[in-house]
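> only the shape, not the letters, is given here:
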């Protein structure tokens, strides 16, 4: 488990969920499903069985840092990767991969957007765990 890492992509402003999701409070930081936790909190919880808290990274726009500090208080500043601009997916992933690789070249990394709906969490965890490590 020490080599397992999670990267949560929490960018975007949630335009598709307007008026519930607005730029000041986008969908990833809202309890949009009515389950008592936000999408980003659900994502962390989902993967916490295969990844230690200190190996979780979140990539997002710098304007949401305070929201992440409030919703995920265990996260250290170095785990919160701030994009100066909202970019597309590939630079976000490359940024996180570079950061993690510099700390652990043997890292096994799961990249997860905050807004995926996963009905069978056990199945996805089982599938991820079955992937052979190279």
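Yep, that arrived. Quick caveat, the model's predicted, so the values are computed rather than measured.
> quick check: residue 121 touching residue 46?
Yes: counting by CB atoms under 8 Å, residue 121 does reach residue 46; the two are 5.3 Å apart. All C-beta spots, glycine's among them, are computed from the backbone N, C-alpha and C.
> which of those two has more neighbours?
Using other CB atoms under 10 Å as the criterion, residue 121 and residue 46 rank with residue 46 on top: 18 against 13.
> check which element follows the helix or strand containing that one along the chain.
Here residue 46 sits within helix 39-47, counting by DSSP states H and E. Sequence-wise, the next helix or strand downstream of helix 39-47 (DSSP H and E) is strand 56-61.
> which outside residues touch that next one?
With CB atoms under 8 Å, 6 or more residues apart in numbering as the test, strand 56-61 has contacts from 5-11, 28, 40, 44, 47-48, 68, 72, 75, 79-83, 85-86, 92-93, 95-96, 99-100.
> buried among those? Need that as a selection in ChimeraX.
Listed next is the ChimeraX selection for buried residues among these, using 16 or more other CB atoms under 10 Å:
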select :5,6,7,8,9,10,11,28,40,44,47,68,72,75,79,80,81,83,92,95,96,99,100
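> for this structure, what's the longest helix?
The helix that spans the most residues within the chain, counting by DSSP state H, is helix 89-103.
> and the angle from that one to strand 56-61?
Per axes from the mean of the first three to the mean of the last three CA atoms, to 10 degrees, the angle that helix 89-103 makes with strand 56-61 is 140 degrees.
> ok, residues contacting helix 89-103?
Here helix 89-103 makes contact (CB under 8 Å, 6+ apart) with 5, 7, 9, 11, 57, 59, 81, 83, 107, 109, 111.
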